[in-house]
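Trainee: here is the input, now give the coordinates:
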Amino acid sequence: MLEFMIRRVIVFFLFSILALKISAQQYDSIHSIEGVEIKADKISLFLVGMKIQKIDSTVLSIRQGASIASLLSEQSPVFLRTYSPGGISTLSVRGTNSSQSGVFWNGINLTQPNMGMTDLSRISSFGFSEISLQSGGASALLGSGVLGGSLQLSNAMKFSTPVQSSILLGGSTIGQMTGGMKLNTGNTRLAYSGSLVGEWNPNDFKYTDYSGNRKKLEHALSQSLSTIHQAEYILNPKQSLSAGFWFQTTDRQIPPTMTMTSSDQQQWDQAIRSSLQWTYLGGNQSFLVRSSFIDEKERYQSKNSNLDEFYHLNTIQTEFEFKRYFNTKFTLGTGASTRLIRADVPYYDGIKNQNEGSVWLALAYIQTGTGIKSVLNLRQDFTEGFKIPFCPSFNVEAPVSKRAKVSFGVSRNFRVPTMNDLYWIPGGNPDLLPESSWNIQAGAAYIYQKGENIQSKITLDFYSLLIDNLIQWVPGTSVIWSPQNVQKVWSRGVEVSSKTDFAIYGIKGYFRLGYNYTPSTNRDTTSNGAGVQNKQLIYIPLHKIVETFYAGKGKYYTMFSYSLTGKRYVQSDNEKFLPAYSLLDIYAGANFKTTKSNFRLQAEIRNLMNKTYQSVLYYPEPGISFSINLLISL
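Mentor: Numbering: from 1, shown residues only. Here you go, the predicted model:
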């Protein structure tokens, strides 16, 4: 513990010295700070040609208070593996599993090092102004675990803005209650954004069991609280200092599955995430230094099983980025990062530490006249005890007409084994190799416009992803399951998306469609015999469709959200599966204004068709429900 704290102090000390040293230097260019958002991140520049879906701001406003898991399930054709309301929900992008897609907050990796995944059911969309889903391998830029894609969460800071505050209150017929507050303000040099949201949900809905009887889900209470605070201060026309703090806690009962008679399991989680970032923007160069500390705790209890387990993880991440703009066409970027992990897990042989580091180099070419964009990324990671593959990537995007463009990309990606894979007793395997993959993708986009009232954009993407040394837990000779590098997987597919914006007879709105075709199959028989070769991976639907329609006139609006999820196999030999299901949700609301505040009253009907379905085998989902919420803006 002492050694870990010393490391923490050293990291922040070096951060401070570096910031002071560079700020003392003099540069030629001066930037205006009046109403300017200072930003110098690598993602916006070095992910050229990648597919990025930004959740529409209208949807974020209507679905305030919804979990990130619910939001993505409705608005994106990716699949989320959800273990009933109140249970964990994890992301699957382009046929990969939950540990092969990353989740980032303001550039900070949130993936739990012991599990290799992030529970999106615990994260409310209320605290974020920008939510983006990036599809495709991006380890060359973002590091370990980004084989399928990544989720980016952030908040735009608003300078020269008067105080803006809002209060959210909501409730539903299944007992869910939600409350939240937001505050945003800023002057010419200082900006602040803060939010607080809480939820109480008994999740005691009725479902139909395998005998055809109606039962109430028991022991399923979930309570959560989350608060996020961010501030940014402009030190001078070239430099800014920003800080972020995120406290999150969840206390939930774990309900019985449909094959259990009862459950007394309970889980409590707490995460404290903090960050400090210094940014410099000069005339032809920029610097960024960011350091973060994440403290995560979990307690799992079951009196019937005589269990009372406490997990504690600490992660320190430090990053340095430098960009040099040579002219209007070329940008050179480079950087380095470190990640120090300390895990105190009851099923490990003592406290485990893992040190990680990386260096990367990127070259971007953007020709504004022709619209041609290309990026070359090179990255080498270092992790104690592993030989990490060198990861290059190349992406290019070029217009073929005024309305159409094409893109192409190739990349190598990797994932380091989780700490549970390495150290869990019994079964952990310290001899595991990192997973690696080669990704190829190609896309096309076409924009159609009819006058000033209708505009459509249609995109088509193809991809192929070959994963080698995929880690899977398999039974050993002594009937103890252990992780092994036993699988080779080929995931390939087609993604179609379109969005049409319209303004007709005073009605403004849009229609959005997304469709994913995702074959993801075993290519090696080493793990489970010939019976699994060329079989679809479990819980990866071959088809997923989402549709959203929004229309508003004056103070009234409505939105329809429809999704269709294809069947999912629950056995590697594809002999057993969960049937496809479709969901329809409807939202309608009205905005009212007074001299000092605005009110929005909104009604919602979830699962309008009252479908009976399971996202994961033996975990029921609720039928039709009604809810209402009130948003007060001051």
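Trainee: spit out the contact partners of the closest residue to residue 198 other than its chain neighbours.
Mentor: Nearest non-adjacent residue to residue 198, counting by C-beta to C-beta, 6 or more residues apart in numbering: residue 225, 4.6 Å away. Placement of C-beta: from N, CA and C, glycine included. By C-beta atoms under 8 Å, 6 or more residues apart in numbering, the contact set of residue 225 is 196, 197, 198, 247, 248, 249, 250.
Trainee: pick out whichever of these sits closest to residue 204.
Mentor: Nearest to residue 204 among the contacts of residue 225, counting by C-beta to C-beta, is residue 250 at 17.7 Å.
Trainee: okay, now that closest one: neighbour count?
Mentor: Using other C-beta atoms under 10 Å, residue 250 has 21 neighbouring residues.
Trainee: which SS state does it fall under?
Mentor: Following DSSP: H, G, I helix; E, B strand; the rest coil, residue 250 is assigned to strand.
Trainee: tell me the contacts of it?
Mentor: 122, 222, 223, 224, 225, 267, 268, 269, 270.
Trainee: how about the third one: which residues does it bridge to?
Mentor: Read it as residue 223. Residue 223 forms beta bridges with residue 200, residue 251, as assigned by DSSP bridges.
Trainee: wait, doesn't it sit right on residue 252?
Mentor: Yes - Residue 223 lies in contact with residue 252 (C-beta atoms under 8 Å); the separation is 7.0 Å.
Trainee: higher neighbour count, the two?
Mentor: Ranked by neighbour count (other C-beta under 10 Å), residue 223 and residue 252 place residue 252 first, with 23 against 16.
Trainee: quick one: mean pLDDT for the host helix or strand of residue 291?
Mentor: If you go by DSSP states H and E, residue 291 is part of strand 285-302. Across strand 285-302, pLDDT averages out at 95.
Trainee: for the next helix or strand after it, list every residue counted as buried.
Mentor: Counting by DSSP H and E, the next helix or strand C-terminal to strand 285-302 is strand 307-325. Neighbour counts using 16 or more other C-beta atoms under 10 Å place 311-323, 325 of strand 307-325 among the buried residues.
Trainee: pull the CA atoms of strand 307-325 into PDB?
Mentor: Presented in PDB, the C-alpha positions along strand 307-325 are these (Å, rounded to 0.1, in the frame of the first residue of the first chain):
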ATOM      1  CA  LEU A 307     -20.200 -15.400   1.400                       C
ATOM      2  CA  ASP A 308     -19.100 -11.900   2.300                       C
ATOM      3  CA  GLU A 309     -16.400 -10.800  -0.200                       C
ATOM      4  CA  PHE A 310     -14.800  -7.400  -0.700                       C
ATOM      5  CA  TYR A 311     -13.000  -6.300  -3.800                       C
ATOM      6  CA  HIS A 312     -10.800  -3.200  -4.100                       C
ATOM      7  CA  LEU A 313      -9.100  -1.800  -7.200                       C
ATOM      8  CA  ASN A 314      -7.000   1.300  -7.800                       C
ATOM      9  CA  THR A 315      -5.900   2.600 -11.200                       C
ATOM     10  CA  ILE A 316      -3.600   5.500 -11.900                       C
ATOM     11  CA  GLN A 317      -3.400   6.700 -15.600                       C
ATOM     12  CA  THR A 318      -1.100   9.300 -16.900                       C
ATOM     13  CA  GLU A 319      -1.000  10.500 -20.500                       C
ATOM     14  CA  PHE A 320       1.100  13.000 -22.500                       C
ATOM     15  CA  GLU A 321       0.200  14.100 -26.000                       C
ATOM     16  CA  PHE A 322       1.900  16.400 -28.500                       C
ATOM     17  CA  LYS A 323       0.700  17.600 -31.900                       C
ATOM     18  CA  ARG A 324       2.600  19.600 -34.400                       C
ATOM     19  CA  TYR A 325       0.800  21.300 -37.300                       C
END
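Trainee: next structured bit after it?
Mentor: Per DSSP H and E, strand 307-325 leads on to strand 330-344 as the next helix or strand towards the C-terminus.
Trainee: any idea how far the lengthiest strand in the chain is from the chain center?
Mentor: When the chain is parsed with DSSP state E, its longest strand is strand 481-504. Mean-position distance between strand 481-504 and its chain equals 14 Å (C-alpha atoms, centre = their mean, to the nearest Å).
Trainee: with that, I have no additional questions.
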